[in-house]
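>>> Based on what follows, work out the 3D shape:
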Amino acid sequence: MSSTIPEIKVLPNPAAVAAEAAERVAAAADEAVELRDTFSLVLAGGSTPKKLYELLAAEPYRSDVAWPRVEVFFGDERAVPPDHADSNYRMARDALLSKVPIPGDNIYRIKGELDPPEEAAKQYGQMLKERFGDDGPDLVLLGMGEDGHTASIFPGTPAVAETKHRVVANHVEQSTTGKSWRITMTAPFINRARQVMLLVTGANKAARVAEVLEADIDAPPRYPVQLISPAGGRLVWLLDAAAAGMAE
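A predicted model of the protein is given here:
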C-alpha cells in the first residue's frame, strides 16, 4: 500500500462521483490560480472522467473556472492519431476542451501518432521537464482498471519498475484495446503532484479496491495503482457505492 494516507469518499453512483470531482477540480483551480496564476491539470481517459469533463464544460463551471489560466496535460495516451476513436485526447477535446475558453497553446497532448511510440514518450517527457523542472502538476486525475492498472501502467509491464523517466512507452498485452502501445506518465512523476484524484466506479472494481485499500501499508505493492503516493501532496479516492462494495 502507498505510504500516503488517502482520503476516501464513497458516493451513491457514478454521476455523484463525477459531480464531487467537478467541485474538487473547480476548487483546486481557484486555489492554484490565486497562488500561482495558473492551474496545471492532468486528464485521464475512461467513462467516469468523461462524465466529469461534460460537467466541467457546462454551467456553472464553464463560467466559474478561470479556463484561460488552466494548462491541460494527459496522464496517458494510446499510440493512435488525435482523431482516432481510442484517443484520450479526442475524448477530452470532444467532452470538454472544445467547449470551454481555454487557449489552444495551454493544451499539451501526447503525440500518440508518432512512430516509434518511444519518440512520443521522449518528447512529452522533455516538455514536462521544461515545464515543471523537479516539481509536478497541481492535480492529476486517474482511474483504476479491474487489474489494478492506473494511467497506462499495467501489471507486469516495464513501466511498473520505471524510476528515472517522467514518461515511457509501454507495450500492453491485455487492455481494453487488446495488444497495444501506450504512452504513459510514470508513477515517480505522478507522485510529484500536489494532488492526485482517483475516480473509480462499478462493482467489477470492488474486489480490487478492497484489496488495495486494505493492504498492509508496509507490504510490497502488488498492483500499479499502489505505486501512487504523492510525496508532498494529497491522495483522494472517489468511489461509487458499487466500487466500494456497498451496493445493494
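>>> If you count neighbours, what's buried in the helix or strand containing R131?
Using DSSP states H and E, the element containing R131 is helix 117-132. Judged by neighbour count using 16 or more other Cβ atoms under 10 Å, the buried positions of helix 117-132 are 117, 120-122, 124-125, 128, 132. Backbone N, C-alpha and C define where each C-beta goes, glycine included.
>>> Other residues contacting it?
With contact meaning Cβ atoms under 8 Å, 6 or more residues apart in numbering, helix 117-132 is reached by 40, 71, 73, 77, 79, 108, 110-114, 165-169, 181-183, 185, 189, 192.
>>> if I look at V65, how far off is R90?
Noted for V65: a distance of 22 Å to R90, by Cβ to Cβ, to the nearest Å.
>>> The residue nearest to I190 when sequence neighbours are not counted in helix, strand or coil?
Sequence neighbours aside, V140 is the residue nearest to I190 in space, at 5.4 Å (criterion: Cβ to Cβ, 6 or more residues apart in numbering). Three-state assignment for V140 (DSSP: H, G, I helix; E, B strand; the rest coil): strand.
>>> longest helix of this structure?
Scanning the chain for the longest helix, with DSSP state H as the assignment, gives helix 14-36.
>>> Show me what it packs onto, helices and strands only.
strand 7-11, strand 39-43, helix 47-56, helix 61-64, strand 139-142, strand 195-200, strand 234-240 (3 or more Cβ pairs under 8 Å, 6 or more residues apart in numbering; DSSP states H and E).
>>> is it possible to export these to JSON lines including mean neighbour count?
Shown next, in JSON lines, are the helices and strands packed on helix 14-36 (neighbours: other Cβ atoms under 10 Å):
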{"stretch": "strand 7-11", "mean neighbour count": "15"}
{"stretch": "strand 39-43", "mean neighbour count": "24"}
{"stretch": "helix 47-56", "mean neighbour count": "22"}
{"stretch": "helix 61-64", "mean neighbour count": "14"}
{"stretch": "strand 139-142", "mean neighbour count": "26"}
{"stretch": "strand 195-200", "mean neighbour count": "25"}
{"stretch": "strand 234-240", "mean neighbour count": "22"}
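>>> mind giving me JSON lines with those and columns for mean pLDDT and distance to D83?
Compiled in JSON lines, those are given as follows (pLDDT from 0 to 100; distance: least, Cβ to Cβ, whole Å):
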{"stretch": "strand 7-11", "mean pLDDT": "97", "distance to D83": "33"}
{"stretch": "strand 39-43", "mean pLDDT": "98", "distance to D83": "17"}
{"stretch": "helix 47-56", "mean pLDDT": "96", "distance to D83": "17"}
{"stretch": "helix 61-64", "mean pLDDT": "98", "distance to D83": "24"}
{"stretch": "strand 139-142", "mean pLDDT": "98", "distance to D83": "22"}
{"stretch": "strand 195-200", "mean pLDDT": "98", "distance to D83": "25"}
{"stretch": "strand 234-240", "mean pLDDT": "97", "distance to D83": "30"}
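>>> JSON lines for the ones you listed, including distance to V100?
Listed next are the helices and strands packed on helix 14-36 as JSON lines, based on distance: least, Cβ to Cβ, whole Å:
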{"stretch": "strand 7-11", "distance to V100": "24"}
{"stretch": "strand 39-43", "distance to V100": "12"}
{"stretch": "helix 47-56", "distance to V100": "7"}
{"stretch": "helix 61-64", "distance to V100": "6"}
{"stretch": "strand 139-142", "distance to V100": "16"}
{"stretch": "strand 195-200", "distance to V100": "19"}
{"stretch": "strand 234-240", "distance to V100": "22"}
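>>> Which ones among the contacts of helix 117-132 map onto strands?
40, 71, 73, 77, 167-169, 181-183, 185 (DSSP state E).
>>> Now do the contacts for the residue nearest to A19 when sequence neighbours are not counted.
Nearest residue to A19, sequence neighbours excluded (Cβ to Cβ, 6+ apart): L55, at 6.5 Å. L55 makes contact with 18-19, 22, 61 under the criterion Cβ under 8 Å, 6+ apart.
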